[in-house]
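Colleague: coords below, sequence missing:
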DNA sequence: CGCAATATTGAAATAAGTCAAACCGTGTGG
DNA sequence: CCACACGGTTTGACTTATTTCAATATTGCG
């Protein structure tokens, strides 16, 4: 489903996390985003494994996740996407090896290869911003591997909570140490390679220790310093701007 | 340590897996590879977490792995690199979130951003080849996540064996269903998020079932079809050229 | 109101981890 | 040429984190 108005702000906000954009550059990006904008409702696959894609898809509103499946039905979430995240690294007409599924009502937009090229040629900062975003996305994925391979249940879940806090702060979607977290325990289990039952028990444990509160999809990290320490969270791989938000010098 | 002669073939072989290169393009790439070539001996970190990098580093000889570490010493291997693999996605002056360590004596070369840009502008095929390589590297990483999150010990190890067979075939480094596999059981454990003891028992199991033989760092997959089926290996995410090798049309 | 999707709890089962020792090939040095 | 040290592999016995199964709350929603 298409929409006319522009959700381009989310992309600008994101690039602002990494590079300084002039108003001319912002305008040019806005301009390039004239292409199709899509709206998708909660709990829907909007890009499917096997689809051929080119250009760049950017999530501009809502939450989504990247899903890999085994033929026998086992499901692994390999990343959560929030506004400004790029759904897939830009490739000429390649088949997707994963699906993208929305957690909430979401919007995304598509940038064609030509428009993108023009932007990059005209504005090196755009190019750099996209490159950094791409690198950070890779770092997040590598840390997901570290998570699954080396951390236990408590650490996996705690680390994810910390990571999402920093990522959401960067795009202005966190309040202090809390944020809207539209992920069920079942999905959390699919993301962490655990059982829903065990995820539940682990979260209870966190609550009992006074580390987090989680109810009605609202997550609050009650003692970030202690949690981050317990799960060995170090935000440098996210290259967050100082203070966790975009406004610097 | 630097060398003068060119290991550029490995890069060409790899790009050949994805795009058709004219002899002019091959020559231009060779030419661009005039930059520093490095030689590193077995079991050495040659790029370190925290290092600032730019341009592209290509492994041209030997095996290496990408390592992530936790402050308490836990180690997770997040990928094996073989000749033609790119060590890190091209980024302007970014800090590495992982280390690269050689398993065998290895070579790698560095391509500066300018040289790379020139190549890409002059030869779209080079650009496309690099983009596809990048995409496949991402797919491999995502499948590693799937592996760690959803597969059991047997499936994880078996899947890795299958994946490396296809990847090595594509660059002409496999004989039939066997290949040199310079990875100790300890490293295999670090890659699969298991214990060396458990890796050992699992491999014994594979041997007992007549699926693989592994001795003196030589791995032979005795029944690829059955193994691939048991561990649910499907090579499409590697985008291998038909037949698993570069020579088509 | 009442279904359907989540969350929670308990008890029993199991894959994988831990600890610790023995084994093996191989290269080195006396 | 033997001894011995080293890195890697193998084996056994025991522990534990996580899964499984199954039942019972709870919540959101049409």
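Modeller: Nice, thanks for sending it over. Note that this is a predicted model, so its numbers are computed, not measured.
Colleague: Need phi/psi at residue A:183.
Modeller: phi -120, psi 120 (degrees, to the nearest 10).
Colleague: Now residue A:179: phi and psi?
Modeller: phi -160, psi 160.
Colleague: Contacts only, for residue A:32.
Modeller: Contact partners of residue A:32, counting by CB atoms under 8 Å, 6 or more residues apart in numbering or on different chains, are A:111, A:115-116, A:118-119. Placement of C-beta: from N, CA and C, glycine included.
Colleague: ok, residue A:49 touching residue A:96?
Modeller: Yes - the criterion here is CB atoms under 8 Å, and residue A:49 meets it with residue A:96 at 5.5 Å.
Colleague: Now do the shared contacts for the two.
Modeller: Counting by CB under 8 Å, 6+ apart, nothing touches both residue A:49 and residue A:96.
Colleague: Same drill for these two, tell me which one is more crowded.
Modeller: residue A:96 (20 against 16; other CB atoms under 10 Å in any protein chain shown).
Colleague: What sits closest to the more buried one if chain neighbours are left out?
Modeller: Spatially, and ignoring its direct neighbours in sequence, residue A:96 is nearest to residue A:51 (5.0 Å; CB to CB, 6 or more residues apart in numbering or on different chains).
Colleague: Also residue A:211?
Modeller: residue A:227 (4.9 Å).
Colleague: quick revisit: now tabulate the contacts of residue A:32 in JSON lines and tack on pLDDT.
Modeller: Shown next, in JSON lines, are the contacts of residue A:32 (pLDDT from 0 to 100):
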{"residue": "A:111", "pLDDT": "93"}
{"residue": "A:115", "pLDDT": "92"}
{"residue": "A:116", "pLDDT": "92"}
{"residue": "A:118", "pLDDT": "93"}
{"residue": "A:119", "pLDDT": "94"}
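Colleague: helix/strand/coil for residue A:92?
Modeller: coil (DSSP: H, G, I helix; E, B strand; the rest coil).
Colleague: What does it show for phi and psi?
Modeller: The phi/psi pair for residue A:92 (degrees, to the nearest 10) is phi -80, psi 110.
Colleague: and the residue lying closest to residue A:9 once chain neighbours are set aside, what element?
Modeller: Leaving aside its chain neighbours, residue A:9 sits nearest to residue A:60 (7.6 Å; criterion: CB to CB, 6+ apart). Using DSSP states H and E, residue A:60 falls within strand A:56-61.
Colleague: can you check residue A:168 too?
Modeller: helix A:153-170.
Colleague: now residue A:12
Modeller: Per DSSP H and E: helix A:9-16 holds residue A:12.
Colleague: between the helix or strand that that helix is followed by and helix A:9-16, how big is the angle?
Modeller: Of the helices and strands lying after helix A:9-16 in sequence (DSSP H and E), the nearest is helix A:23-32. Counting by axes from the mean of the first three to the mean of the last three CA atoms, to 10 degrees, helix A:23-32 points 140 degrees away from the direction of helix A:9-16.
Colleague: average model confidence for whichever helix or strand comes after helix A:23-32?
Modeller: Per DSSP H and E, the first helix or strand lying C-terminal to helix A:23-32 is strand A:37-40. The average pLDDT within strand A:37-40 is 92.
Colleague: can you check stretch A:143-160 too?
Modeller: pLDDT averaged over stretch A:143-160 gives 98.
Colleague: Residue A:100 versus the residue nearest to residue A:96, what's the distance?
Modeller: 10 Å (CB to CB, to the nearest Å).
Colleague: the more surrounded of these two?
Modeller: Between residue A:51 and residue A:100, counting by other CB under 10 Å, residue A:100 is the more crowded of the two (25 against 14).
Colleague: For that one, which non-adjacent residue is closest in space?
Modeller: Counting by CB to CB, 6+ apart, the residue nearest residue A:100 is residue A:47, at 4.2 Å.
Colleague: who in chain A is up against DNA strand C?
Modeller: Counting by CB under 7 Å from any atom of the strand, the residues of chain A close to DNA strand C are A:184-186, A:196-197, A:200-201, A:203-204.
Colleague: What remains of those residues if I keep only buried residues?
Modeller: A:185, A:203 (16 or more other CB atoms under 10 Å in any protein chain shown).
Colleague: Take the residues of chain A next to DNA strand C and keep only those in helices.
Modeller: If you go by DSSP state H, the residues of chain A next to DNA strand C have A:185-186, A:196-197, A:200-201, A:203-204 in helices.
Colleague: want to throw the residues you listed into JSON lines with distance to residue A:16 and pLDDT?
Modeller: As requested, those are exported to JSON lines (distance: CB to CB, whole Å; pLDDT from 0 to 100):
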{"residue": "A:185", "distance to residue A:16": "34", "pLDDT": "98"}
{"residue": "A:186", "distance to residue A:16": "34", "pLDDT": "98"}
{"residue": "A:196", "distance to residue A:16": "37", "pLDDT": "98"}
{"residue": "A:197", "distance to residue A:16": "41", "pLDDT": "98"}
{"residue": "A:200", "distance to residue A:16": "38", "pLDDT": "98"}
{"residue": "A:201", "distance to residue A:16": "40", "pLDDT": "98"}
{"residue": "A:203", "distance to residue A:16": "33", "pLDDT": "98"}
{"residue": "A:204", "distance to residue A:16": "39", "pLDDT": "98"}
